[in-house]
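Asks: Need coordinates for the following:
(one chain, ligands or ions: 1)
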Amino acid sequence: MRCEYLDICPFAGGKMPCDGALLAIYRKHYCLGEYHNCARHLLYAGLGERVLAPHVYPNQHDRARELLGQASQRRTAVLV
Ligand code: SF4
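Replies: Numbering: from 1, shown residues only. As a prediction, the model looks like this:
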């Protein structure tokens, strides 16, 4: 299975600092496999493709959930 964000994701495109061997492992595991378990995929799915999140790596699920929570709170604050 191929992640639908593969063409726009800076991590997958090698634009975030990452050792080449580690990048290859992540790409195989997440981008071309279990992309639905990728922290960056969570962000794209929740906030849209324009999210940059240059410091969130595929295995940083806690950070992704934290950012999603912050975005949700901001949206709620605007609506109240
Ligand atoms: S890093 Fe995550 S969001 Fe980016 S292409 Fe790979 S699986 Fe998709």
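Asks: near the ligand, which residues of this protein?
Replies: 3, 5-6, 9, 11-12, 30-31, 35, 38, 40-41, 44, 58 (C-beta under 6 Å from any ligand atom). The C-beta positions use only the backbone N, C-alpha and C, and glycine is treated the same way.
Asks: ok, so of those, who is nearest residue 71?
Replies: The closest of the residues of the chain next to the ligand to residue 71 turns out to be residue 44 (C-beta to C-beta; 12.4 Å).
Asks: how close does that closest one sit to residue 19?
Replies: According to C-beta to C-beta, to the nearest Å, residue 44 stands 23 Å off from residue 19.
Asks: more crowded one of those two?
Replies: residue 44 (20 against 9; other C-beta atoms under 10 Å).
Asks: Name the residues of the helix or strand containing that one that are buried.
Replies: Here residue 44, judged by DSSP states H and E, is contained in helix 39-47. Buried residues in helix 39-47, counted by 16 or more other C-beta atoms under 10 Å: 39-45.
Asks: Next: stretch 21-29.
Replies: Going by 16+ other C-beta under 10 Å, stretch 21-29 has these buried residues: 23, 26-27.
Asks: CA atoms of that stretch as PDB?
Replies: Extracted in PDB, the C-alpha atoms of stretch 21-29 (Å, rounded to 0.1, in the frame of the first residue of the first chain):
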ATOM      1  CA  ALA A  21      19.500   4.200   5.800                       C
ATOM      2  CA  LEU A  22      16.900   5.200   8.400                       C
ATOM      3  CA  LEU A  23      14.900   7.100   5.700                       C
ATOM      4  CA  ALA A  24      14.900   4.000   3.600                       C
ATOM      5  CA  ILE A  25      13.600   1.900   6.500                       C
ATOM      6  CA  TYR A  26      10.900   4.400   7.300                       C
ATOM      7  CA  ARG A  27       9.800   4.700   3.700                       C
ATOM      8  CA  LYS A  28       9.500   1.000   3.400                       C
ATOM      9  CA  HIS A  29       7.700   0.500   6.700                       C
END
